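Colleague: Fold the following, please.
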Amino acid sequence: MEFEELKYENKDDLNEIADPSELEDFQKECIYTPLSLVNPTPYEPSNEDYIMREHDGNADEDWDEKNNLVNDVPIERDSLIGFGIHKRKPKLLICITMYNEPPKQLVESLAGIYRSYYELIDLDPTFLNRVHIVIVSDGYGPLMEKPEHLKCYDKANIHDIKKLSEKNYTTNVFKAGFEDTKTVFNRLLFINSENMISREDKRGQQEEEYKDEEEKLEARRRSSMKGNSGPKKKYRDIRAYGANNIGHCFSRAMHFQDWEQCLPREQRDFLVVDNYEIYDFLVGSDEQGRVKDRKYEHFSLPIHFIVKHNNQGKIESHKWFFKGFCRMMDPIYAQIIDCGSIPLWNSISKIIMHMETFTDVGGACGEIECILAEKKEDGIEPVTFVESVLLRAQYVEYKVSHYMDKATESLFGFVSVLPGAFSTFRWECINGKPLSEFLKGCKDEFGDVTKIMPCDTANKYLAEDRIMCLEIIAKAHASFIIHYIPGAKCLTDPPLSLTQLVKQRRRWFNGSLFATLHVMKSMYRIWARKWTSFFRNIFYMILYAYMILLLILSYLIVGLFYSAFSIFIRAVLESDNCLNVARLSNILENVYLIFLFFCLMLSTTVQVNYAETGFRLCSLVMGLFTIVMIFCSVYYAIDDTQNRNAVILIGIFILSYMVPLILNISHLKLADFLKGIFYALYLSPTYANIFTIFAISNIHDVSWGSRPGGASKDKNIDVAIRKAAAQKEEAYKDYRANFLIVWLCANAAVGGIVTYWSRNGQNDFLLWLGVLLSAVVAFKLILSTIHKLVSYMHNFFIWIHVRGLAKRLKNQNIESFHNHVRHKEKEDHEIVFEKFRDKNAIDQEEEEANKNRLDEKILSFQNLLQKSIAADKLDMELDRFKRSVIASLGGGVQTQLNEKIQEIAAKKQEEQDSYDPLDDEESDEELDPKSNKDKKGFLGKILSRDKSKDSEGGKEKFEEIPEETNEEESKMLPANDDSDESQSSVEVKPNAMKRDQAEDSSEEDPVSDSSNEFDSRPGSDSF
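Modeller: The predicted structure is shown next:
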């Protein structure tokens, strides 16, 4: 079957600057799209070039192998996903993987991304509308553990769980005694063992259907000639989908202000990122002391918020990103970030500009720095002392690993690991075999369950990022390299408890151990690259030898650490055989060995969640042993009678912490770094002994630890999976036992041999070991210093590239894109204002002419009021006057006329409020139209005063009202803000009184005859 997506090519000009208003239509509401990864060739399970489509069927429908378009249709071109596929080809796709982190962590990560986006479009405006963010949440199961998180995303209008029920993905179940219904997520029945299983591993289940009748006859003829009873059964694999899941995608173009709706007001008002207020961090200047100066403008970003139907692990989240969105949108760069990681100023933008300048860079990473939080996640409870120690020790560890290890490797063009928390790839580079190797650890519940992946292979894919790095530099017919870019910082939230840290280091150690072994076995492949120079390959071989040495040292670290402790203790304190407990050195050494054995027992027999107290005790005691060892080594170095060669072990250990301080002192938090050095020294036996022993003892555990994966829900394969899981567990434990025995013997041999030679005065081995370790540190020191100089040269070339972009903008009369947008918006506003002002001038001239004619009519009406008019004819005369004015001047004067009548009513109300009964005789005489004291009358005075006021008060703005009004709908429009206060404060009451009610009220209240001129007249209340 043909797929139109396979033939489509986006012809968007990447050098064109997009219009910011293109995303306005996508800002109104989020668009829900259930996504599936479809295999275009279902009978070729090895195919990994999947098509991301909209799953249009219901959750209870099955896959139609004759026409899979029944359930899966192309993504609409008018959707936001279609915008990136068909209209604006993205230059950068950013993936945020999350589990069930608080919304605040996601908002902080997005703040860093939005800031980087503003920087990018300021450097290169062609990135405008060409950056998409894909947020992949690992299943509704983890999110439903904290349903308040989903409610927060609903507030931001980026999620709506109600839309899932429209296609039977969820069912609302009502429980007695509960006010709210419970949302139950239905099984995905269209993804099952009938269309996702390897048929050849289940012989006898299905006979292949031949394509036509001739093929059947031919098969029968051949079988009869060979004497067989009939045609042989053929079994075919079917892999209809590339993922055993559905991605519920909610897409919308959002400003950062929209994301703030996820947070409660107390968090929103005091949101701080990297010690800056949120809007200073987003749009403030990065110049020293000018953060309050606004540098950037806000722009919206296309957001695709995907929640997987089932929890299948983080690696499958990356599969949805790479095989789904990157495959369909074909970006230039792909960035992966963990939720909670915060890119700082000039981080992502610096990496992208680096890769734009150096086109042979296939992957790059920046510096990951620990967040030194003073409070826990809740923002209320302060961090304990133990947690503070762990935080600052990890802060120093991250600094050393970046400033020395990654800098050294980057100089050779190969960084051994690009961390999944903050890395950027060139899509052209990783598309193909690198990505396939990266995703091999993805869980496949419909794979052949009888084929058990070897334990070493399973551990290798715990560090899939190391596999990716090898495949990048070994990719055939290419010459890509990998760089570490100093200064591109990203904050991350490190583990606060020892249990979490132990779990993390178990995964890191085992993954790096077996992944490095894989790299060592596959390093020969770099010689097959035809486009790589011979000298580059020689440098790779030097790096290869360096990595082998580090691998051996990490494997034997427990034995080497014990031997160093024993040598320094026995060199200072009196010692005897280990069994002699009368000597202090013997006691310390025996206690050290007991705690090593205790760590081994905890690691092999007790779950880590229940062993934190024991590990804390071991860490505390071994830290004290380290302090004792340091004092003994100093004393050993000062004493001239002793051999000082072993002091090199301690000297290089301290030097490894001081080198980053010297090279990058301006980029460090000096007080925290110095404090962290002491904590790191204290915890060095914890890293060397506890973490290593626990990792080796649990080498059979190939899970991610803190993030459990989802279980299969297909009853047809549950039994097979359980049997395979039992076999797998047994095989892995056997491998663990053998590996652990070999590892224990190797470390015991190293520790025993070194201490034996030292006790017998044979210090040559210790001398050579010290020289070797010193050479490693010197190697790192020299190359990291060179890399620092090379980074300055790289920055110079990047500056030239950015200047070229600025020159291109200048040719388009654009100095700075953000300033250009700001000025353009101002000009557009002024143009609109000018049109509005011109229109107002014309209207005002016409209104002024009508007003003058209205004044003439009012003067003639004043003369009419001076005549004797009967009371029952006054309303009729007023209505006649109104109709005559409208007929002569048009309906546009209704507003002015109504306002004049409104003014009359206001004055009448004032007179009524200020009425004094003692002035009855005088007021009756004054208000009488026939009185000689006032020939104009009261109404004439009011109209004349209003006329003079209008002439002095300037021009007024009026609003039109319906042309026809009756007595019962005589409520007038309120005056405009520019009119007199007496007008704006008046509320004219409609005439709801009949003639007989008015007469009754006048009889009951004799005083009202003198309080208002027209109170005794029928219908006068309408004014």
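
Colleague: Need the nearest residue in space to V591, chain neighbours excluded.
Modeller: V621 (7.3 Å; Cβ to Cβ, 6 or more residues apart in numbering). To be clear about C-beta, it is placed using only N, CA and C from the backbone, and glycine gets the same treatment.

Colleague: so the one you found makes contact with F595?
Modeller: Yes - counting by Cβ atoms under 8 Å, V621 does reach F595; the two are 5.6 Å apart.

Colleague: quick one, which of these two is more surrounded?
Modeller: With neighbours defined as other Cβ atoms under 10 Å, V621 and F595 compare such that F595 has more, 21 against 16.

Colleague: Do you know the pLDDT at the residue nearest to V591?
Modeller: For V621, the pLDDT comes out at 92.

Colleague: So for whichever strand or helix holds it, what gets flagged as buried?
Modeller: Using DSSP states H and E, V621 maps to helix 612-638. For helix 612-638, a neighbour-count test (16 or more other Cβ atoms under 10 Å) marks 614-616, 618-619, 621-623, 625-626, 628-630, 632-633, 636-637 as buried.

Colleague: do stretch 238-257 as well
Modeller: Under 16+ other Cβ under 10 Å, the buried positions of stretch 238-257 are 238-254, 256.

Colleague: Identify the residues contacting G366.
Modeller: 343, 347, 350-351, 422, 484-490 (Cβ atoms under 8 Å, 6 or more residues apart in numbering).

Colleague: Would you verify that it is located in a helix?
Modeller: No - under DSSP: H, G, I helix; E, B strand; the rest coil, G366 falls outside any helix and is assigned strand.

Colleague: do you know how far the nearest residue to it once chain neighbours are set aside is from G340?
Modeller: Among residues not flanking G366 along the chain, A488 sits closest, at 3.0 Å (Cβ to Cβ, 6+ apart). Distance of A488 to G340, computed by Cβ to Cβ, to the nearest Å: 18 Å.

Colleague: One more: Q607?
Modeller: 26 Å.

Colleague: burial measure for W531, as a count.
Modeller: With other Cβ under 10 Å as criterion, W531 counts 11.

Colleague: Check the one 10 residues further on too.
Modeller: Using other Cβ under 10 Å as the criterion, M541 is surrounded by 14 other residues.

Colleague: in its sheet, what does the biggest strand by length in the chain sit against?
Modeller: In the chain, with assignment by DSSP state E, the single longest strand is strand 481-492. If you go by DSSP bridges, strand 481-492 pairs up with strand 342-343 (antiparallel), strand 361-370 (parallel).

Colleague: okay, the ones you listed in CSV with mean pLDDT next?
Modeller: Output for the strands paired with strand 481-492, formatted as CSV (pLDDT from 0 to 100):
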stretch, mean pLDDT
strand 342-343, 94
strand 361-370, 93
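
Colleague: and those, which is most packed in?
Modeller: strand 342-343 (a mean of 26; mean count of other Cβ atoms under 10 Å).

Colleague: which residues are contacting that one?
Modeller: Against strand 342-343 from outside (Cβ under 8 Å, 6+ apart): 108-109, 111-113, 115-116, 273-274, 337, 366, 371, 422, 489-492.

Colleague: Chain neighbours aside, what residue packs nearest to F480?
Modeller: G362 (3.1 Å).

Colleague: Hmm, I typed the wrong one, I wanted D456.
Modeller: F514 (5.2 Å).

Colleague: Against which helices or strands is whichever strand or helix holds that neighbour packed?
Modeller: Under the criterion of DSSP H and E, F514 resides in helix 498-522. Secondary-structure packing of helix 498-522 (3 or more Cβ pairs under 8 Å, 6 or more residues apart in numbering; DSSP states H and E): helix 385-400, helix 455-460, helix 464-473, helix 534-555, helix 612-638, helix 692-697.

Colleague: repeat that for 7 Å
Modeller: helix 455-460, helix 464-473, helix 534-555, helix 612-638, helix 692-697 (3 or more Cβ pairs under 7 Å, 6 or more residues apart in numbering; DSSP states H and E).

Colleague: packing partners for the following helix or strand past the third one?
Modeller: Reading on from helix 534-555 to the C-terminus, the next helix or strand found by DSSP H and E is helix 557-572. Secondary-structure packing of helix 557-572 (3+ Cβ pairs under 7 Å, 6+ apart): helix 584-605, helix 612-638, helix 692-697, helix 715-759.

Colleague: Tell me which of the ones you listed sits nearest to I303.
Modeller: Closest of the helices and strands packed on helix 557-572 to I303 is helix 715-759, at 36.3 Å (criterion: Cβ to Cβ).

Colleague: Measure how the closest one sits relative to helix 534-555, angle-wise.
Modeller: 80 degrees (axes from the mean of the first three to the mean of the last three Cα atoms, to 10 degrees).

Colleague: could you point out which element follows helix 715-759?
Modeller: In N-to-C order, the element after helix 715-759 by DSSP H and E is helix 764-811.

Colleague: Contacts only, for Y114.
Modeller: The contact partners of Y114, by Cβ atoms under 7 Å, 6 or more residues apart in numbering, come to 256, 282, 301.

Colleague: how near is it to G420?
Modeller: For Y114, the distance to G420 - Cβ to Cβ - is 21 Å.

Colleague: what's the answer for R239, then?
Modeller: Applying Cβ to Cβ to R239 and G420 gives a distance of 26 Å.
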